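S.K.: Predicted model and sequence below, questions to follow.
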Amino acid sequence: MEKQALLVAPGNVYKTLQRGWYTPLSFSGFNVERMNRKLVDKNWSIQCLQDEKATKENVLQFFDKPALSRSREILFYYCGHGDFSSVDGQGESGSNIPDEFLVLYHQRLEFRAGNIGAAFRDFFLTDDELTGIVQDILNREVALTVILDCCHAAGMIDRAEQFIVGDAPMALFASSTEEERSFANSDTSFFTEALLMASGESTQLAGLRQKTQENLRRLLPRQESIILFNRTQNHKLNFI
């Protein structure tokens, strides 16, 4: 399998987590379906984790599977809630500095209604963990595309700019800055909508970035996306 993609969308199961703190995202399944159709047309091998299957364990298993080492390209798409915790001693390096994390599903009932700071390291995918995954893939000289459609998206990979150097084959499509939220309506998230619209408007990565950001400004001017890749990839063909 030369090109492998993982699409993750917890969707409606959010109503069971943290006393309903996280709003169910019914549109996320539709986003995954549309992204899946685009990737199939580009000959990607795709695994989808939705609702109860969208767990940290399943995400880590995907990145640990032996077949991944034979891939030429890997794509990770996440559509869901992003959050951060600055609970005493829970932040980066044991400090109070916030840790960003992707809010995945978990089955431990005693933590579903508990303090978010006590659960996020065990059940949610933190920025440190996602950064480690990115580093491991790039160390194997495998091309990587990360698409994060969530709040605080640009903070989910620590110092993402460090990976966009030299000829590193990585592209990051983040729907929001580290400090900001991402937005949606009842039908779709604005960033994924902008990205999918752009996929039909440009055949190269540089054009995809430009069109995605133009479309997002048209759909929701106050949402700022972060799209990073190095200049050597300007003329790379789109992944979708």
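M.R.: Arrived safely. Numbering: from 1, shown residues only.
S.K.: so who does the spatially most central residue of the chain touch?
M.R.: For the chain, the residue whose C-alpha lies nearest the mean C-alpha position (Cα atoms, centre = their mean) is Leu148; its distance is 2.7 Å. Going by Cβ atoms under 8 Å, 6 or more residues apart in numbering, Leu148 touches Tyr78, Gly82, Leu102, Ala154, Met156, Leu172, Phe173, Ala174, Ser175. Where you see a C-beta, it was placed from the backbone N, CA and C, and this is true even at glycine.
S.K.: neighbour-wise, which of those leads?
M.R.: Within those, Ser175 tops the neighbour count with 33 neighbours, counted by other Cβ atoms under 10 Å.
S.K.: Could you check how far it is from Arg209?
M.R.: Distance, Ser175 to Arg209, using Cβ to Cβ, to the nearest Å: 13 Å.
S.K.: Also Lys42?
M.R.: Distance, Lys42 to Arg209, using Cβ to Cβ: 17 Å.
S.K.: Which one's more surrounded, those two?
M.R.: Set Lys42 next to Arg209 and count neighbours by other Cβ under 10 Å: Arg209 wins out with 21 against 15.
S.K.: Quick one: mean pLDDT over the one helix or strand that one maps to.
M.R.: Arg209 belongs to helix 205-219 when assigned by DSSP states H and E. Averaged across helix 205-219, the pLDDT comes to 96.
S.K.: now do stretch 133-140
M.R.: Per-region confidence: stretch 133-140 scores 92 on mean pLDDT.
S.K.: Residues touching that stretch, excluding its own?
M.R.: So stretch 133-140 is contacted by Phe63, Ser69, Ile74, Leu144, Val146, Ile157, Phe163, Ala168, Pro169, Met170 (Cβ under 8 Å, 6+ apart).
S.K.: one more time with 10 Å, if that's ok
M.R.: The contact list for stretch 133-140, computed with Cβ atoms under 10 Å, 6 or more residues apart in numbering, reads 59-60, 62-64, 68-69, 71, 73-74, 76, 125, 142-144, 146, 156-158, 160, 162-163, 168-170, 172.
S.K.: Now do the contacts for the nearest residue to Phe191 once chain neighbours are set aside.
M.R.: Residue nearest to Phe191 in three dimensions, not counting chain neighbours: Ser175, with 3.5 Å by Cβ to Cβ, 6 or more residues apart in numbering. Neighbouring residues of Ser175 by Cβ under 10 Å, 6+ apart: 78-79, 82, 147-154, 181-184, 189-192, 194-195, 212, 216, 223-227.
S.K.: can we see that at 8 Å?
M.R.: Contact analysis of Ser175 by Cβ under 8 Å, 6+ apart lists Leu148, Asp149, Cys150, Ala153, Ser182, Ser189, Phe190, Phe191, Thr192, Gln223, Ser225.
S.K.: just Lys211 next, same as before
M.R.: Counting by Cβ under 8 Å, 6+ apart, Lys211 makes contact with Met197, Ala198, Glu201, Ser202.
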